[in-house]
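Trainee: Requesting a structural model of the entry that follows:
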Amino acid sequence: MEFVETHGHLDDDAFANDLPQVIVAARAAGVRQFINIGYEPESWSRSLALADLYPDVSYALGMHPNSADRWTNDSAAELEHLLNTTSPVAIGETGLDYFREWVDRSSQRAAFRDQLELGRQFSLPVVLHMRGDVEEEIVTTLADFADVRVVFHSFDGSPELRDFALRRGDIFGFGGLMTRAGSSQLRETLRSVPLEFVVLETDAPYLVPKGVKDRRNTSANLPLIAAAVAELFELSIEQVAERTTANAMNVFALRPVAAAGASQ
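Mentor: Below is the predicted model of the structure:
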């Protein structure tokens, strides 16, 4: 079985001491490609460096809503320059976070809309982060961007948002959150999402799936998430792996890469 890790933070400090071993372990678990999420300027440079070092690592570049106070003319120009001169597979993660509210809402809204415009301009999918009471605003905003495909990172929305996203042809990221004991309602919502709209993610080092004792999540846990999806959809894990990998390759326009060396 082969998997694509569509949302990880391999440049996080949690992996500062053993990233090569973490990547090797994920490869051994069947992960064939990784997408690192560059969520603010420092992470952009780290993501580019990772892609230079590891041929199976691609990257998204964007400004997280909790960093949206850093969305200025200069940072927007820097991101646009990178979109023109490097090879990101998506924009993001961006969106709205009214749960933490580390950044004022007007700044979040402006950064979100601007990055959706970049998704339109560069014909790239946009990775969406949403927390808090934001569904109505997300729907209203996305209604202005019918031509921009969105990947709902760790989808945790209502049945109404699910149906809205399906009408748009958007993609649902399934991760550790949907495996947890307290997520029974979320699983019922996700059960109606056709598998052709699903990609797998860990959000490593965050959102550890059920049954993992280590508080640090890694991409090697992707098969556990695939197993939970297989149980939800009453399919084999092989079917889930095959379909979600094909989805990820298509949505992010990933190119097959040669098998990476064990220590690379």
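Trainee: Can you name the next helix or strand after the strand or helix carrying residue 162?
Mentor: Residue 162 belongs to helix 159-168 when elements are defined using DSSP states H and E. Later in the chain than helix 159-168, the nearest helix or strand by DSSP H and E is strand 171-174.
Trainee: Backbone dihedrals for residue 35, please?
Mentor: Main-chain dihedrals, residue 35, degrees, to the nearest 10: phi -120, psi 120.
Trainee: so it touches residue 59, yeah?
Mentor: Yes - in this structure residue 35 lies within contact range of residue 59 using C-beta atoms under 8 Å: 6.6 Å. (Glycine included, C-beta is placed from N, CA and C.)
Trainee: Could you name every residue contacting both of these two?
Mentor: residue 89 (C-beta atoms under 8 Å, 6 or more residues apart in numbering).
Trainee: what does the average pLDDT come to for the helix holding residue 162?
Mentor: Regarding helix 159-168, the rounded mean pLDDT is 98.
Trainee: Going by contacts, tell me the helices and strands next to it.
Mentor: helix 135-142, strand 150-152, helix 184-190 (3 or more C-beta pairs under 8 Å, 6 or more residues apart in numbering; DSSP states H and E).
Trainee: Out of the ones you listed, which gets nearest to residue 174?
Mentor: helix 184-190 (6.7 Å; C-beta to C-beta).
Trainee: Convert the closest one to PDB, retaining C-alpha atoms only.
Mentor: The C-alpha coordinates for helix 184-190 follow below in PDB (Å, rounded to 0.1, in the frame of the first residue of the first chain):
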ATOM      1  CA  SER A 184     -18.700  10.200  16.600                       C
ATOM      2  CA  GLN A 185     -20.800  13.000  15.200                       C
ATOM      3  CA  LEU A 186     -18.000  14.000  12.900                       C
ATOM      4  CA  ARG A 187     -17.700  10.500  11.600                       C
ATOM      5  CA  GLU A 188     -21.400  10.400  10.800                       C
ATOM      6  CA  THR A 189     -21.000  13.600   8.800                       C
ATOM      7  CA  LEU A 190     -17.900  12.300   7.000                       C
END
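Trainee: Check the offset of it from the chain's centre.
Mentor: Here helix 184-190 is found 19 Å from its chain centre; the criterion is C-alpha atoms, centre = their mean, to the nearest Å.
Trainee: list the helices and strands the next helix or strand after that helix packs on?
Mentor: Using DSSP H and E, the helix or strand that follows helix 184-190 in sequence is strand 198-200. On a contact count with 3+ C-beta pairs under 8 Å, 6+ apart, strand 198-200 meets strand 3-8, strand 171-174, helix 222-233, helix 237-251.
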